[in-house]
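Chemist: Dropping a prediction and its sequence here:
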Amino acid sequence: MVRELTSEGIAVAFIKERLTFRSNDAPAYTLMLTMQPAFAALERSLIRQREREGIAIETTNGRLRGRHGMRR
């Protein structure tokens, strides 16, 4: 979507990441745009892994019970 918009001459800004992409950007910006989804997927995987580890520890210690390990 970003490539499509920039090819139309529209600048796309990602506020949180402080990145702006334009049609005439250097190849390094294209690389960053391509890598952003990979980093997001990695971070989400790490969050889920830590969550599963925490639930396993709490379940082992008897602190979590019930459906999906929810506290009761």
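Modeler: Structure's in. What do you need?

Chemist: Report the buried residues of whatever helix or strand M32 lives in.
Modeler: If you go by DSSP states H and E, M32 is part of helix 27-60. Neighbour-count burial for helix 27-60, with 16 or more other CB atoms under 10 Å as criterion, is recorded at M32, L33. Yep, even glycine has a C-beta here, placed from its N, CA and C like the rest.

Chemist: counting contacts, what elements does it pack onto?
Modeler: If you count contacts as 3 or more CB pairs under 8 Å, 6 or more residues apart in numbering; DSSP states H and E, helix 27-60 packs onto strand 19-21.

Chemist: what's the spacing between the strand it packs on and its chain's center?
Modeler: Between the centre of strand 19-21 and the centre of its chain there are 17 Å (CA atoms, centre = their mean, to the nearest Å).

Chemist: now the residue of the chain most remote from its centre, what's its secondary structure?
Modeler: Distance from the C-alpha centroid of the chain, by CA atoms, centre = their mean, peaks at G62 (31.8 Å). When the structure is split into helix, strand and coil by DSSP: H, G, I helix; E, B strand; the rest coil, G62 lands in coil.

Chemist: contacting residues around it?
Modeler: Residues in contact with G62 (CB atoms under 8 Å, 6 or more residues apart in numbering): none are found.

Chemist: and the gap between it and T34?
Modeler: Using CB to CB, to the nearest Å, we find G62 at a distance of 46 Å from T34.

Chemist: so how far is L33 from the residue most central in space within the chain?
Modeler: For the chain, the residue nearest the mean C-alpha position is A40 (2.5 Å; CA atoms, centre = their mean). Shown here: A40 relative to L33, a distance of 12 Å by CB to CB.
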